[in-house]
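J.: Show me the folded form of this:
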Amino acid sequence: MRQVLITRSGPPEVLQLRESPDPLPRNGEVRIRVEASGINFADILGRMGMYGDAPAMPYVPGYEVAGVVDAIGQGVLDLREGDNVLALTRFGGYSDMVCVPYKQVFPRLDWMSARDGAAIPAAYLTAYVSLVVMGAVRPGDRVLIHNAGGSVGLAALTICKILGAVTYGTASPHKLDFLREQGLQHAIDYRNHDYEQVLLDLTGGKGVQLVLDSLGGRHWYKNYRLLMPTGRLVLLGASSRVGGKRRSWWRTLRLLAQMPFYTPAKLIADNRAVIGVNIGHLWDETDLLQTWMQQIVNWYDEALFRPHIDRTFPLAEAAEAHHYVQDRRNLGKVLLVP
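T.: Residues are numbered from 1 along each chain as shown. Next up is the predicted model:
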């Protein structure tokens, strides 16, 4: 099989394509012949040596794949060779073949392409948990989505549309028209305007019920201030600590210095909630993951959404794909295909 490894921390050029022996599924695993793999920001952080959950280097990144089951280990229920599937892989996804615990594998609808399948798991589960499970969004709620043009941002926009929430989103100027076409009701150019003031103007000073914050640092303060009473701030990450394509200890230290401290007394007094979401830390909650994914697949089956795939790159061009994502050129999902 072919795999892309992170050989050491550094710029995208540290990604290398290598040949490895075909893996054999262990008890409780299936082997998937991969047709498409998703790229996520966590992969970029891991490549830069900034992702604490990553295994020791060298390792194969990748959190999600879609393809066909071609081998079955002992103890596997409800899956057979030849089944079309999508899966959460928790590393190892940048491969043309991967073994996965069967409880992290989900059947793929006959009319769902492998590329759509690979674009769904990480982004849509993150958005679903943030908005529905922990954010308790309701029809008419005002929701601010940062990085609205990314894969999680677009997934969140999709779910907000399905649930009837009012959407506000920040993005670079060149992405705003596309986002409006996708249904974003209030598009905010964060590079040329202070999104806090713009949003307060749009809401008559009331703020919003929910903020999805993937930025971190000083933005945690601003987004907390934008919450109306009973509002929820959902923390998804801290992309602001990434500047160039190499690790910067200075940016990390600055982000830590900017980190707010939410005391229980303040949260009680303000009637607000601060929530953290990390799908990678829900890996063993298989019953929950299955339930959440089933709802997302049902929405797909009902033609309520299709993931927007910006571009695909062959495995051999994984470095170019990382440059493309890290330069924030993508609108939606970027995939690797064998």
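
J.: Please pull out the lowest mean pLDDT helix or strand from this structure.
T.: helix 249-258 (a mean of 63; mean pLDDT, DSSP states H and E).

J.: now stretch 288-299, how far from the centre of its chain.
T.: Remark: stretch 288-299 is offset 16 Å from the chain centroid, using CA atoms, centre = their mean, to the nearest Å.

J.: Over to stretch 146-157?
T.: 9 Å.

J.: Likewise for stretch 138-153?
T.: Using CA atoms, centre = their mean, the distance between the centre of stretch 138-153 and that of its chain works out at 13 Å.

J.: Can you list the residue ranges for helices in the stretch 201-338 of the chain?
T.: Ranges of helices within the stretch 201-338 of the chain are 218-225, 249-258, 264-270, 286-301, 318-326, based on DSSP state H, counting those that start in this stretch.

J.: Can you lay out the ones you listed as JSON lines showing mean neighbour count and distance to Arg26?
T.: Bear in mind the C-beta positions are built from the backbone N, C-alpha and C, glycine included. Shown next, in JSON lines, are the helices of the stretch 201-338 of the chain (neighbours: other CB atoms under 10 Å; distance: least, CB to CB, whole Å):
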{"stretch": "helix 218-225", "mean neighbour count": "19", "distance to Arg26": "41"}
{"stretch": "helix 249-258", "mean neighbour count": "13", "distance to Arg26": "37"}
{"stretch": "helix 264-270", "mean neighbour count": "10", "distance to Arg26": "44"}
{"stretch": "helix 286-301", "mean neighbour count": "15", "distance to Arg26": "17"}
{"stretch": "helix 318-326", "mean neighbour count": "21", "distance to Arg26": "26"}
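
J.: mind putting these in JSON lines, distance to Gly140 included?
T.: As requested, these are exported to JSON lines (distance: least, CB to CB, whole Å):
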{"stretch": "helix 218-225", "distance to Gly140": "20"}
{"stretch": "helix 249-258", "distance to Gly140": "33"}
{"stretch": "helix 264-270", "distance to Gly140": "22"}
{"stretch": "helix 286-301", "distance to Gly140": "20"}
{"stretch": "helix 318-326", "distance to Gly140": "34"}
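
J.: so which of those comes closest to Val133?
T.: helix 286-301 (7.0 Å; CB to CB).

J.: mean confidence score for that closest one?
T.: In this model, helix 286-301 has an average pLDDT of 97.

J.: Would you mind pulling the contact partners of it?
T.: By CB atoms under 8 Å, 6 or more residues apart in numbering, the residues outside helix 286-301 that reach it are 88, 103-104, 106, 109, 112, 116, 120-121, 124-125, 128-129, 133, 162, 282, 305-306.

J.: at 7 Å instead, please
T.: With contact meaning CB atoms under 7 Å, 6 or more residues apart in numbering, helix 286-301 is reached by 103-104, 106, 109, 112, 120, 124-125, 128-129, 133, 162, 282, 305.

J.: again, but for stretch 167-184
T.: The contact list for stretch 167-184, computed with CB under 7 Å, 6+ apart, reads 142-146, 148-149, 153-154, 157, 160-161, 185-192, 195, 199, 202, 208, 328, 331.

J.: where does Met50 land in three-state SS?
T.: coil (DSSP: H, G, I helix; E, B strand; the rest coil).

J.: What's the local residue count around it?
T.: Neighbour count of Met50, defined by other CB atoms under 10 Å: 20.

J.: circling back: of all the contacts of helix 286-301, which two lie farthest apart?
T.: Within the contacts of helix 286-301, Lys103 and Ile162 form the most distant pair, 26.2 Å apart (CB to CB).

J.: what about the two, which has more around it?
T.: Lys103 (20 against 14).

J.: Ala136: neighbouring residues, count only.
T.: 14.

J.: how does the chain divide up, domain by domain?
T.: 2-120+307-337, 123-279 (automatic domain parsing).

J.: and the ones you listed as a markdown table, adding distance to Asp287?
T.: A markdown table is the format used below for those (distance: least, CB to CB, whole Å):
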| stretch | distance to Asp287 |
| --- | --- |
| domain 2-120+307-337 | 9 |
| domain 123-279 | 13 |
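
J.: who's in contact with His146?
T.: Thr170, Leu212, Asp213, Ser214, Leu215.

J.: which of the residues you listed has the most neighbours?
T.: Comparing the contacts of His146 by number of neighbours (other CB under 10 Å), Leu212 comes first, having 30 neighbours.

J.: Please report the distance of that residue from Pro25.
T.: Leu212 sits 36 Å away from Pro25, going by CB to CB, to the nearest Å.

J.: okay, the spatially closest residue to Tyr262 that is not a sequence neighbour: pLDDT?
T.: Spatial nearest neighbour of Tyr262, excluding adjacent residues (CB to CB, 6 or more residues apart in numbering): Val274 at 5.0 Å. With respect to pLDDT, Val274 scores 96.

J.: residues in contact with Val274?
T.: Per CB under 7 Å, 6+ apart, neighbours of Val274: Leu233, Leu235, Tyr262, Leu267.

J.: Bridged to the first one, which residues?
T.: With DSSP bridges applied, Leu233 shows beta-bridge pairing to Val211, Val274.

J.: That one reaches Arg225, doesn't it?
T.: No. Contact criterion CB atoms under 7 Å: Leu233 and Arg225 do not qualify, at 9.8 Å.

J.: Much appreciated, bye for now.
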